[in-house]
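Asks: Pasted the sequence and its predicted model underneath.
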Amino acid sequence: MTSNEHSSHEEDARVPRRVIGTPAAGTAVLGDSPPQPPVEDPAVVYPDLAAARRAERLVALLFLVTFLSGVAFIASYVIFQVGTVDSTAASNLALGTSLTLALLSLAAGIVLWVRRIMPKYTLVQERHPMVSAPDTQEYVADTFVAGANESGFVRHKLLRRTLLLAAAPLGLAPLILLKDLGPLPGTSLRHTVWKKGLRLTVEGTGAPIRAADFNSPGGILSVVPQGYEHDLNALAKATLILIKFRSDQLKAGTNQNWTHDGIVAYSKICTHVGCPAALYEQTTHHILCPCHQSTFDATDGAKVIFGPAARPLPQLPIGVDSEGYLIAEADFDVPVGPSFWERGDAEAEAREAREKAS
Amino acid sequence: MTTLKEPALTETPKLIAGPASYLDDRLGAGSFLKRNLRKVFPDHWSFLLGEIALYSFIILLLTGTFLTFWFKPGMGHVEYQGPYEQLRGVMMSEAYASTLKISFEVRGGLLMRQMHHWAALLFVAGMTVHMLRVFFTGAYRKPRELNWIIGVLLLTLALAEGLTGYSLPDDLLSGAGLRITEGVAISLPLVGTYLTFFLFGGEYPGEDVIARFYSLHILLIPGILLALISAHMILMWVQKHTQMPGTGRNNTNVVGAPFYPAFMAKAGAYFLFTFTAIAALGTFAQINPIWLFGPYTPADISAGSQPDFYMGFLEGALRLMPAWEINFLGYTLPLSVLIPALVPMGIIMTGLALYPFIEQWVTGDRREHHIADRPRNNPHRTSIGMAAVVFYGLLWLLGANDEISAFFHIDLYHTTIFGRFAVFLGPALAYVVTYRICMGLQRKDAEVMSHGVESGVIKRMPNGQYIEVHVPPAEDIADHLRGKARLPILPGEADIEGIPPKGARSILGKARAVLSKKYGTEHVPLEEEGGHGHAAIGSGEDKH
Ligand code: HEM
Ligand code: FES
């Protein structure tokens, strides 16, 4: 720490010098040696006494307000109970207002005290360069070299090398310990819970959907797999958006074999960074993701029309079971949701696989 | 001046002297206090900005600790049976349920929650503005580069702290933020999937992430923040505060009020003012009413969801980005996520961290600086700063382009396309405009020094002409203006024989010399009326 002499204030006298070996009690830091009478110091200008007196009354008033508000705070805690929205709002208002008032007047009081009662200061303190004196530097450098040599760390090669060797595995240990934070990804990102025969149900009610009932063109539903309504991990990949078209509205991008009577199912998980693409514009057939506004054309394989998403929303093959309820015909053939390093061009691979099969 | 006839202390009261001696006997605290009790602190309104951040942090610690007494960082599903009618019977995570409990069943719980959130916003805002003042006044220069780096770390950590905290209640809104975080993390090449699986304990959302964020949010990050803030304060204390140029102030002194009693009391009062502001906001301005959003489910989202303001620039960057994605050799590089998530943040944080060193390299200036620059007097720095502010500001604005589009009835896609160009043109324009403004202000200063200020007195000359009398500027103002220090320039000109100086021979050296000249050239020197040339009073050791 640098020294802090004041050019206008020599304070050494306040702290009496201690003679080595004498008991310190009574003569210490804030001991009872009388301070000097206030010297006329141009750097310390006192306010006019009458003005200070007036300020004092104001400050006292403010401190009194703090006292009363503090009491009001405690009273509010006892009086106002919580539970309903309204009672909580009342309690919040009472507690908050009294606290605010208590703090505000205390703060204002202290500021007035500093400004109107304490002197105005223009004390000057010298700065010194941060760098230490050359002889100090030299001493430290010498000591360092001497110490290093004394330790033998330089001369004893074997010691040095085995120490480094010893440290390496110990340094790795904490990292190794983190391995069980999670399983490895494996191929889990490539699958969802959808499989042949699994029924589509309405998100929220869990009701299965009869294809014949979902018949007004332009209709749209948010869909989850039956039995997984509360499995968030499943929902994070398997949630669908189900749209009913007239067959002539669908374009080449949509796989017609995977639709049922104009009903198309797309993944609801945005291919950008995974928000649910929840908005649908009836007139334009655009699916819009509210997060960063990627826009997908629902009539054309949910291909991207605008925004940062780079890939279409994957389409799920659907059909109906014997009772006429909508079911999945298979899992998605590409990974849903945000892109990741190992994903590759899954769309191209899927296309090739389909071509080979047919 | 008063003569203090009033009752006053003639000696230290026993109650204080006793413990003080006790401590001194054991710690030798006396010599520390001797040096520091009357440590001088300079005054300027802008020095309060860092204090706002500091006090917000303390309030965050206090309110946050209160919240930990009830919060349950669990993702296990429970059926809500609490007093909030609209959600009774709904399945939700323990985290969300306990946040509802804090809001509706703990007296003062809602107040503490709201204060905690407001304090977090004020913390980041205070820090950001404080950093801007440090930047624009050049207070990061030697010897304060280390404190500047600590500051950049603090800011980065504060963003991480905010992100983890925001996710804890596990409501639908914060869940959207978490989902985006996951989408960004998984996009990282090579390590992305592993990173997310380790963070979430498997697939998103898993059952672990809230508990993990919780220990980061209440233990690890605050611990590091506390350590860094302490280091920040110690360095500030050791190096002493910078001061604005003015009468009697120079590079080798500090002018102001003593720590004890004036600064101490004032700092206490400002803490209480910050506390007041946060308490008032927590009382009267509702924030993050999670009960309206409902519990999180990855299948749903509320339209128009916005993150906290300090994440806005990342949100804007994500929105602006065109859909670029590269597939090669069976691997995917999702540039439309990687670029916006990493590049703006990278540019801003790295730029901030390196600026002091780049400036030092360009100017060759290795002197200590304790007088704050007025922003106009270092026009290139100020312009670079403003360009960065505009870059950040545009990204931030465009993070709310859906709101802008709805409010001003502009087509949504047009705001995006506008943004794609604006983030490049805006900063360039800001640079030019700021530079001009700085030069204009410098010229005005020079005029005040050379011709004085208009006095409002009109005088009739013998030849019938009317002129306004100019008087010299008031002494304190003049001293403030005289604080202008010349920027040093590296020698780069070839000597008489056409040989450039040693450092300026390589390509890098030449570039450096050119930059140095551009950066430091004085276009508007201050001439005083008496003609005593350059008034380089601000820096006692200015050798140029
Ligand atoms: C946790 C957040 C922070 C707290 C609590 C904090 C607090 C403070 C305070 C109270 C001061 C003294 C008053 C002032 O100069 O305004 C200060 C000085 C300083 N701060 Fe910070 N600050 C924070 C973040 C930052 C950031 C983000 C930067 C820059 C990137 C930064 C750089 C500096 C520097 C270089 C100084 C010394 C300047 C001088 O002496 O004038 N700080 N800080
Ligand atoms: S997550 Fe859908 S646009 Fe970003």
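Replies: Now that the structure is in, tell me what you want to look at. Residues are numbered from 1 along each chain as shown, chains lettered A, B, ... in the order given. Ligands and ions are numbered 1, 2, ... in the order given.

Asks: partner strands of the top strand by length along chain B, parallel or antiparallel?
Replies: In chain B, assigned by DSSP state E, the strand with the most residues is strand B:453-460. Strand partners for strand B:453-460, identified by DSSP bridges, are recorded as strand B:466-471 (antiparallel).

Asks: So what's the gap between the strand it pairs with and the chain middle?
Replies: Chain-centre distance of strand B:466-471: 45 Å, with CA atoms, centre = their mean, to the nearest Å.

Asks: Show me the contact partners of it.
Replies: Defining contact as CB atoms under 8 Å, 6 or more residues apart in numbering or on different chains, one finds that strand B:466-471 is touched by B:His451, B:Gly452, B:Val453, B:Glu454, B:Ser455, B:Gly456, B:Val457, B:Ile458, B:Lys459, B:Arg460, B:Met461. For every residue, glycine as well, the C-beta is placed using N, CA and C.

Asks: mind listing what A:Trp194 touches?
Replies: Residues in contact with A:Trp194 (CB under 8 Å, 6+ apart) are A:Pro225, A:Ala238, A:Leu316, A:Ala328, A:Ala330, A:Asp331, A:Phe332.

Asks: Show me the helices in the stretch 101-250 of chain A, by range?
Replies: A:134-151, A:157-177, A:232-238 (DSSP state H, counting those that start in this stretch).

Asks: Tabulate these in TSV, adding columns for mean pLDDT.
Replies: Formatted as TSV, these follow (pLDDT from 0 to 100):
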stretch	mean pLDDT
helix A:134-151	96
helix A:157-177	93
helix A:232-238	96
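
Asks: any chance of these in CSV, plus distance to A:Gly219?
Replies: Below are those laid out as CSV (distance: least, CB to CB, whole Å):
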stretch, distance to A:Gly219
helix A:134-151, 80
helix A:157-177, 53
helix A:232-238, 21
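
Asks: tell me the most buried of these?
Replies: helix A:232-238 (a mean of 22; mean count of other CB atoms under 10 Å in any protein chain shown).

Asks: about what we covered before: closest one to ligand 1 among the helices of the stretch 101-250 of chain A?
Replies: Relative to ligand 1, the nearest member of these by CB to the nearest ligand atom is helix A:134-151, separated by 24.4 Å.

Asks: what angle sits between that closest one and helix A:157-177?
Replies: With axes from the mean of the first three to the mean of the last three CA atoms, to 10 degrees defining the directions, helix A:134-151 sits at 90 degrees from helix A:157-177.

Asks: what's in contact with helix A:134-151?
Replies: Taking CB under 8 Å, 6+ apart as the rule, helix A:134-151 contacts A:Ser132, A:Val154, A:Arg155.

Asks: Adding neighbour count, distance to ligand 2 and pLDDT, write the residues you listed out as CSV.
Replies: Formatted as CSV, the contacts of helix A:134-151 follow (neighbours: other CB atoms under 10 Å in any protein chain shown; distance: CB to the nearest ligand atom, whole Å; pLDDT from 0 to 100):
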residue, neighbour count, distance to ligand 2, pLDDT
A:Ser132, 11, 55, 94
A:Val154, 12, 58, 90
A:Arg155, 10, 62, 92
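
Asks: of all these, which comes closest to ligand 1?
Replies: Checking the contacts of helix A:134-151 one by one against ligand 1 (CB to the nearest ligand atom), the nearest turns out to be A:Ser132, at 20.3 Å.

Asks: Not counting sequence-adjacent ones, nearest residue to the closest one?
Replies: Nearest-residue entry for A:Ser132: A:Val140, 8.0 Å, with adjacent residues in sequence omitted and distances by CB to CB, 6 or more residues apart in numbering or on different chains.

Asks: Contact partners for the closest residue to B:Ile102 other than its chain neighbours?
Replies: Nearest residue to B:Ile102, sequence neighbours excluded (CB to CB, 6+ apart): B:Gly109, at 4.0 Å. Listed by CB under 8 Å, 6+ apart, the contact set of B:Gly109 reads A:Val82, B:Leu67, B:Trp70, B:Lys101, B:Ile102, B:Ser103.

Asks: What parts of the stretch 301-450 of chain B come near ligand 1?
Replies: Contact residues, the stretch 301-450 of chain B versus ligand 1 (CB under 6 Å from any ligand atom): B:Leu352.

Asks: Mind telling me which residue of the stretch 301-450 of chain B is nearest ligand 1?
Replies: Of the residues in the stretch 301-450 of chain B, the one nearest ligand 1 is B:Leu352, at a distance of 5.7 Å by CB to the nearest ligand atom.

Asks: which SS state does that residue fall under?
Replies: helix (DSSP: H, G, I helix; E, B strand; the rest coil).

Asks: Just to check, it is in contact with B:Met131?
Replies: Yes: if you go by CB atoms under 8 Å, B:Leu352 and B:Met131 touch, sitting 7.4 Å apart.

Asks: which residues do the two both contact?
Replies: B:Val152, B:Leu155.
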